[in-house]
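Participant: Return a 3D structure for these sequence lines:
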Amino acid sequence: MGETRPAPGDSARHTGTGRRRAVTAALMLAMGLAALDATIVSIAVPQIVADLGGFSVFSWLFSGYLLAATVTLPVYGRLSDTFGRKPVLVVGAALFLLGSLLCALAWNMAALIAFRIVQGLGGGALAGTVQTLAADLYPLEERPRIQSRLSTVWAVSAVAGPGVGGVLAAYADWRWIFLINLPLGAAALWLLARHLHEPPRESTSRPRIDWAGALTILACGGALLTALVQGGVAWSWLSWPSLTLLGTGVALIAVLVLIERRAAEPIIPGWVWRRRTIASVNLALGALGLLMVAPTVFLATYTQSVLGLAPVAAGFVVSVWTLTWPLSAALSQHVYRRVGFRNTSILGITAAALVLFSFAFLPYPGEPWQPTLLMLLLGAALGLFQLPLIIGVQSSVEWEERGTATASILFCRQTGQTLGAAAFGAVANGVLASRLGGSGNLDAIAHDLGSGPASEPVRRAVADAVHAVYLGAGWAAVAALLVLLVVAPRRFPVLKG
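Facilitator: The predicted model follows:
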């Protein structure tokens, strides 16, 4: 094989109980750091654009971060297999914290977007390595317990994020939403450095990282995202900048296919797409990432600008779905044990599509309880949809393939989020521009959004834009449903052990 790898339980046997608990605490802090950052920024968007401007490109705060994290995720996975989890996680966390500090010092929207990309370069390590190291530390029979803890941390952090962001935006300064990462990250780094001791890994072959593929994905994603975010806003869709960027993106897709076919260690190996179970889940969770952009990115602006809620109250509306999501996911095992992984997920995504389409029919301006109820229902539906698919894939592969299969799921889900942030940003900008008399007025509404109640035309324009985004998210849910019906096998193959 050319490489001597530790058995699945080696890391657990090399780590004492006390040290393992300390490392687990570090993993939970790192997970909380990533979850907090994913939700805390969205609630402060009105304050950020009021201070820095750049409303027409604010979706790059999310798509830039997600692009960097998505591209580096499989690269970090390969590096952790070669050099160990500890150095990758420590470097990634340090890079994430550096990006957080730089974001707090940003002087305009362009600088903030650039520093969010630096954050994303570190976030790719946090997203994948935490899950892999948790599997290394705990034997198979104990992994559900640690995964439950990590899921709980994610839920609590996601719930706290909008609330904390709302408090900071209302009573302090939006820059503190990045500075709050520093003490959490420092504690996680200290615990990892002091208590994580991995077994030695010997390799007789040089590591082969598909840097050409990773850089091509970055360039391709950058070209397509720029075309989506700026098209119809900075320039018309049929202008030469749009056509050039779109053509470049398509050409780079073709180049990427050629590179990946020839790569010794491609970003995602071909076998994950040749197996119906994994391919269907990758596509379905890619659609999940796409539809999640509507509530995580745009709902905060809707609740503050249209409903007139204060940042703290808006944060509560945005975060309530993380109460029902983990609860529904925990209960899903009682469903998929009876009707199977595929049918359970079909029930979940069908319910999610109905909820997302319902948002477009909310009255104007509406009452806060209405989107709150929809978010509670959406969380319950998506918990029933996602977890059975992940467990189904992990149960269908051998141990030595489980890391790659899991990485492909995370990669596709984050790719969906990246594309969704850009595509739905383009949809929202297009609706706003049409309602407000042209793209030149987009930046002019930044003052309205960040300094008290928005004017009536702006409120109606934002309501129409967010309704359009939720309709798009509903169709993404329909796409996931079709994938499960047409591509996924009726029964997922389950291997023993």
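
Participant: Let me know how buried the nearest residue to Ala360 once chain neighbours are set aside is, in neighbour terms.
Facilitator: Closest residue to Ala360 in three dimensions, ignoring its sequence neighbours and counting by CB to CB, 6 or more residues apart in numbering: His467, at 4.4 Å. Just so you know, the C-beta spots here come from the backbone N, C-alpha and C atoms, and that holds for glycine as well. Neighbour count for His467, taken as other CB atoms under 10 Å: 19.

Participant: From the contact counts, what lies against the helix or strand hosting His467?
Facilitator: Using DSSP states H and E, His467 sits in helix 456-486. Helix 456-486 makes packing contacts with helix 276-293, helix 299-305, helix 341-359, helix 399-436, helix 446-450 when contacts are defined by 3 or more CB pairs under 8 Å, 6 or more residues apart in numbering; DSSP states H and E.

Participant: repeat that for 7 Å
Facilitator: Helices and strands touching helix 456-486, as assessed by 3 or more CB pairs under 7 Å, 6 or more residues apart in numbering; DSSP states H and E, comprise helix 276-293, helix 299-305, helix 341-359, helix 399-436.

Participant: by contact count, what packs against the shortest one?
Facilitator: When contacts are defined as 3+ CB pairs under 7 Å, 6+ apart, helix 299-305 sits against helix 45-52, helix 311-319, helix 456-486.

Participant: Now do the second one against helix 45-52, angle only.
Facilitator: Helix 311-319 runs at 130 degrees relative to helix 45-52, counting by axes from the mean of the first three to the mean of the last three CA atoms, to 10 degrees.

Participant: re the thing from before, pull out the buried positions in the helix holding His467.
Facilitator: Using 16 or more other CB atoms under 10 Å as the burial criterion, the residues of helix 456-486 that qualify are 458-474, 476-481, 483-484.

Participant: re the thing from before, would you list the helices and strands packed on helix 299-305 in CSV and tack on mean pLDDT and distance to Gln131?
Facilitator: Rendered in CSV, the data for these read as follows (pLDDT from 0 to 100; distance: least, CB to CB, whole Å):
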stretch, mean pLDDT, distance to Gln131
helix 45-52, 81, 29
helix 311-319, 78, 23
helix 456-486, 91, 22
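
Participant: right, so of those helices, which gets closest to Val153?
Facilitator: Closest to Val153 of those is helix 311-319 (CB to CB; 14.6 Å).

Participant: in the stretch 301-450 of the chain, which segments are predicted with low confidence?
Facilitator: 399-400, 403, 437-450 (pLDDT under 70).

Participant: same thing but 90
Facilitator: Under the criterion pLDDT under 90, the flagged ranges of the stretch 301-450 of the chain are 301-338, 340, 360-368, 379, 383-384, 386-450.

Participant: repeat for the stretch 151-300 of the chain
Facilitator: Within the stretch 151-300 of the chain, the stretches with pLDDT under 90 are 151-181, 183-243, 245-246, 249, 252-253, 256-274, 289-290, 292-300.

Participant: the strands in it, which residues?
Facilitator: 202-203 (DSSP state E, counting those that start in this stretch).

Participant: That one: helices as residue ranges?
Facilitator: If DSSP state H, counting those that start in this stretch is used as the criterion, the helices of the stretch 151-300 of the chain fall at 176-179, 181-195, 211-230, 240-262, 271-274, 276-293, 299-305.

Participant: Identify whichever of those helices lies nearest to Phe424.
Facilitator: Judged by CB to CB, the one of the helices of the stretch 151-300 of the chain that comes nearest to Phe424 is helix 276-293, at 5.2 Å.

Participant: what about Asn366, is that helix, strand or coil?
Facilitator: Just to correct that, residue 366 is Gly rather than Asn. Per DSSP: H, G, I helix; E, B strand; the rest coil, the local secondary structure of Gly366 is coil.

Participant: Tell me what angle the host helix or strand of Leu331 forms with helix 276-293.
Facilitator: Take DSSP H and E as the rule and Leu331 turns out to sit in helix 321-339. Using the same axes, to 10 degrees, the inter-axis angle of helix 321-339 relative to helix 276-293 is 160 degrees.

Participant: what's the distance between helix 321-339 and the middle of its chain?
Facilitator: Averaging C-alpha coordinates over helix 321-339 and over its chain gives two centres that are 20 Å apart (CA atoms, centre = their mean, to the nearest Å).

Participant: ok, back up a step: Serialize the helices and strands packed on helix 299-305 to JSON lines and add fields for distance to Leu168.
Facilitator: As requested, the helices and strands packed on helix 299-305 are arranged in JSON lines below (distance: least, CB to CB, whole Å):
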{"stretch": "helix 45-52", "distance to Leu168": "9"}
{"stretch": "helix 311-319", "distance to Leu168": "8"}
{"stretch": "helix 456-486", "distance to Leu168": "22"}
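
Participant: how much does the helix holding His467 deviate in direction from helix 399-436?
Facilitator: Using the same axes, to 10 degrees, helix 456-486 lies at 150 degrees relative to helix 399-436.

Participant: Of the helices and strands packed on helix 456-486, flag the one that's most buried.
Facilitator: For these, the stretch with the most neighbours on average is helix 299-305, a mean of 27; neighbours defined as mean count of other CB atoms under 10 Å.

Participant: how about the residue nearest in space to the middle of the chain, what does it touch?
Facilitator: With distances taken as CA atoms, centre = their mean, the residue of the chain nearest its centroid is Gln414 (4.9 Å). Listed by CB atoms under 7 Å, 6 or more residues apart in numbering, the contact partners of Gln414 are Leu66, Ala69, Thr70, Leu73, Gly289.

Participant: Out of the residues you listed, list just those in strands.
Facilitator: The strands, defined by DSSP state E, take in nothing from these.

Participant: now those as JSON lines including distance to Ala407?
Facilitator: Formatted as JSON lines, the entries for those read as follows, by distance: CB to CB, whole Å:
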{"residue": "Leu66", "distance to Ala407": "16"}
{"residue": "Ala69", "distance to Ala407": "13"}
{"residue": "Thr70", "distance to Ala407": "11"}
{"residue": "Leu73", "distance to Ala407": "7"}
{"residue": "Gly289", "distance to Ala407": "15"}
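
Participant: circling back: how close does the residue nearest to the centre of the chain get to Gln119?
Facilitator: With distances taken as CB to CB, to the nearest Å, Gln414 is found 14 Å from Gln119.

Participant: One more: Thr350?
Facilitator: Spatial separation of Thr350 from Gln119 under the definition CB to CB is 35 Å.
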